[in-house]
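Enquirer: Model the structure of this input:
(chains A and B)
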Amino acid sequence: MNVALLLDVAAGGLLMGGLYALIAVGLNLQYGLMRVLNVAHGEFLMIGGYLTYMLHVHLGVNPLVSILVSGPVVFAGGMGIHALLFRGLLRLKRTQEELEANSLLISFGLLFILQNAALLLWSADIKGYQYLDRPLHVLGAVFPTNRVVAFGVAAMVTALLFVFLKGTLAGTTVRALMQDPVGARLMGVKVPRVHGLCFGLGVGLAAVTGSLVSMLFELTPFIGLPYTITALVVVILGGLGSVTGSLLGGLILGVLESLGVHFTAPDLRMVISYGVLALILVLRPYGLFNPLAPRPGQASQA
Amino acid sequence: MATTLDRRTFLKVAGGGVAAAALFPRIGRAQATPVRIGFTLSATGPYSVGAGITQGPNYHLWVEQVNAKGGLLVRGQGRRPVQLIHHDDRSEIETAVRLYEKLITEDKVDLLLPPWGTAMNFAVAPVANKHGYPLIGPTVGSMKLYELNLPYFYAVLAQPDSMMRALAEFLKDLRSQARINKVAVIHVADLFGLEHQAALMPLLREAGFDVVEAKSYPLGVKDLSDLLKSIKAKGAEVFIALSYPPDTILATTQAKAVDFNPAVFYGAVGTAFPFFRDRFKASAEGVFGIGAWNPKVPYPGAKEYFDAHVRKWQKEPDRWASAFTYATLQILEQAVGQVSLDRARIKSYLDATEFSTVVGPIRFTRGLNRATPGMVGQWQKGEFEVVWPRDRATARPIFPKPAWQ
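Expert: Okay, the predicted model is just below:
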């Protein structure tokens, strides 16, 4: 058993986990808060990736700088899409289940529209560019430089998100809505506005992740869905509505996947992912870090 | 003034009459019923990259060329325009099978062209065969398909047995120049990868190579860096990826990123794409790939084909199966010109004829083109050179592979 190689592989997984965490936090802001299950979440990642690709290849913009464009553009687009498609749905909902089912259907439609629009715009050809793809030697292990950079940026963006959630009034209302929707409403929180903000933030984070992903992998209009699934696994692993949970969940899943693949085969990556999901659903259906999970002896209110 | 106008009017009328007379036979010809040719190609999904680079552009190029000549020459009927009826099979095998059934039974097309990829052809070939449609597959590498014994199916590429034998022979030849012994083989878990892996492994063992890693990965894999790291840790000197285009790019990108630079780096489908060279620029130098073709090969029409492709699409054809795709169309065109659209007679003609194409002579022995040997190519200064076998080579191999740039 080669311990150095194992550590190397685990660290590689951790780097990927940073990206998983970022996209999962985005999904959690939507699903955890509003019960809007946005299956088109990964499509916004794809769009973010293409925006960075276009800016870098055609205008020579540094991919890291392009995040300042892709994030805000998709954030604004997300707010618009929310106003157009989801606001009415939230107003009309009778039950939580109805909202979940309808938002699922709407976002499925959105997925196909965005995917095919991308197909028309950018064709199915794989697109990619080289950026910081030299090896970086750290303590005898080798990492792709761009992955380390992507991880660093993901960590920074997450830190900013935390500052926003803990340090600003808007962030506080978001947390309030997560903890107690009824109470927050009674305190005068404008629910539709916060929902729109969260949807925009969520897809904006997906777009930022997409910009980072475009530095590491080739783009096609179909890269989105696998990331949505990964994000969903992470959200459930970390706990619905728990931003910290998504963060840790992403890192854990990244490491588990890498080690699992190392000991088995790349064929089994999805099996490992879904295996983790199944195990969590059986053992801790509320996720690992959900502060709202009922404690033993407490009656379930969900 | 008035006379000038009159003269102009006169010229217009007279000129129009001449033009009409000249056009008339052409109109008559254009009204001949078109020859309807059906196919599916993947416009979406994991097969779309290969389909959109290797097959689609050549189908459309050929139709444009044929129609520019006044149509496809059908024996006994003169030239008839070609009309394509095509669909997106979305990289879904069952969709492709359904669409081919539809093309045959509902659209009643005159001829069929095959879809892209080994697994697709494997599924579609029995359908075409059942209805007696000859199908000449340009992107098929499968011995299992051969074992199905479908008399109407033809394959032009060197099949896994001869392709992998060529690779093994080439490696043995390199071993006589420098010490290479440890080999790592990864393959895509799709019929293409499975069959090539099955053909290659016994040859490597027979030749006494030490296989340090042999793993498969799924179609559409996102990340191979962990696998590449462990292959690097095992000290592989030869890396062979029996891969499809997206994963060929992925493996190359990530090998470079984890600083894995073996003496031999060999990728399968996609390595010969100009996209590969443009994507990796100087790092493409010295990368080996499955099969090879380039405009320097000494066959009639090769250079013309290359130039026509660049003119129509503003991009170069890929350096392997593109030219083979075009060759299948040359074969079809010749067959229809010689025997008409009677599909049973086309089949007999295909069985009995040696064709001269842009990839050299092609002759089918029980459906397989055994006139083209397995080949190995290598990117050298922007061209994908044929480096093995020696009698087909357009350049000497660069070995060991230079460092990633």
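Enquirer: Excluding residues flanking it in the chain, which one is nearest the residue nearest the centre of chain B?
Expert: Here the mean C-alpha position of chain B is nearest to the C-alpha of residue B:321 (CA atoms, centre = their mean), at a distance of 2.4 Å. Setting aside the residues directly before and after it, residue B:321 is nearest to residue B:54 in space (CB to CB, 6 or more residues apart in numbering or on different chains), at 4.7 Å. The C-beta positions use only the backbone N, C-alpha and C, and glycine is treated the same way.
Enquirer: And the one you found, how far from chain A?
Expert: Going from residue B:54 to chain A by CB to the nearest CB, to the nearest Å gives 12 Å.
Enquirer: can I assume residue B:184 sits in a strand?
Expert: Yes - assessed by DSSP: H, G, I helix; E, B strand; the rest coil, residue B:184 belongs to a strand.
Enquirer: Stretch B:212-228: how far from the chain's middle?
Expert: Remark: stretch B:212-228 is offset 25 Å from the chain centroid, using CA atoms, centre = their mean, to the nearest Å.
Enquirer: ok, how many other residues are close to the residue nearest to residue B:321?
Expert: Neighbour count of residue B:54, defined by other CB atoms under 10 Å in any protein chain shown: 27.
Enquirer: Same check on the one 3 residues further on?
Expert: Neighbourhood size, residue B:57 [other CB under 10 Å]: 20.
Enquirer: try residue B:194
Expert: Around residue B:194 there are 19 residues (other CB under 10 Å).
Enquirer: wait, what's in contact with it?
Expert: When contacts are counted by CB atoms under 8 Å, 6 or more residues apart in numbering or on different chains, residue B:194 touches B:187, B:216.
Enquirer: my read: the residue nearest to the centre of chain B touches residue B:53, true?
Expert: No - using CB atoms under 8 Å as the test, residue B:321 is too far from residue B:53 to be in contact (9.1 Å).
Enquirer: Buried residues in stretch B:371-387, which are they?
Expert: Of all the residues in stretch B:371-387, those buried under the rule 16 or more other CB atoms under 10 Å in any protein chain shown are B:371-372, B:374-380, B:383-387.
Enquirer: what's the answer for stretch B:235-251, then?
Expert: Within stretch B:235-251, judged by 16+ other CB under 10 Å, the buried ones are B:236-251.
Enquirer: which residues in the stretch 51-200 of chain A form helices?
Expert: A:63-81, A:87-92, A:96-122, A:145-167, A:169-179, A:181-186, A:191-216 (DSSP state H, counting those that start in this stretch).
Enquirer: and the last one with helix A:169-179, angle?
Expert: Angle between the axes of helix A:191-216 and helix A:169-179 is 100 degrees (criterion: axes from the mean of the first three to the mean of the last three CA atoms, to 10 degrees).
Enquirer: The helix or strand just after helix A:191-216 and chain B, any residue contact?
Expert: The C-terminal neighbour of helix A:191-216 among helices and strands, as given by DSSP states H and E, is helix A:224-238. Yes - using CB under 8 Å from any CB of the partner chain, helix A:224-238 comes into contact with chain B via residue A:226.
Enquirer: Show me what from the stretch 1-150 of chain A comes close to chain B.
Expert: Within the stretch 1-150 of chain A, the positions near chain B by CB under 8 Å from any CB are A:2, A:5, A:8-9, A:12-13, A:16, A:119, A:123-126, A:128, A:130, A:133-135, A:137, A:142-147.
Enquirer: so what's residue 103 closest to, chain neighbours aside?
Expert: Using chain A. residue A:36 (4.2 Å).
Enquirer: oops, I was thinking of chain B
Expert: residue B:38 (3.6 Å).
Enquirer: count of neighbours near residue B:106?
Expert: 8.
Enquirer: same question, residue A:233
Expert: 24.
Enquirer: Would you check that it makes contact with residue A:274?
Expert: Yes - contact criterion CB under 8 Å: residue A:233 and residue A:274 qualify, at 7.4 Å.
Enquirer: Now do the shared contacts for those two.
Expert: Joint contacts of residue A:233 and residue A:274 (CB under 8 Å, 6+ apart) do not exist.
Enquirer: tell me the secondary structure for residue B:275?
Expert: Once three-state DSSP is applied, residue B:275 turns out helix.
Enquirer: Flag every residue of the stretch 201-350 of chain B that's near chain A.
Expert: B:215-218, B:220-227, B:229-230, B:233, B:245-246, B:249-250, B:253-254, B:256-259, B:275, B:279-281.
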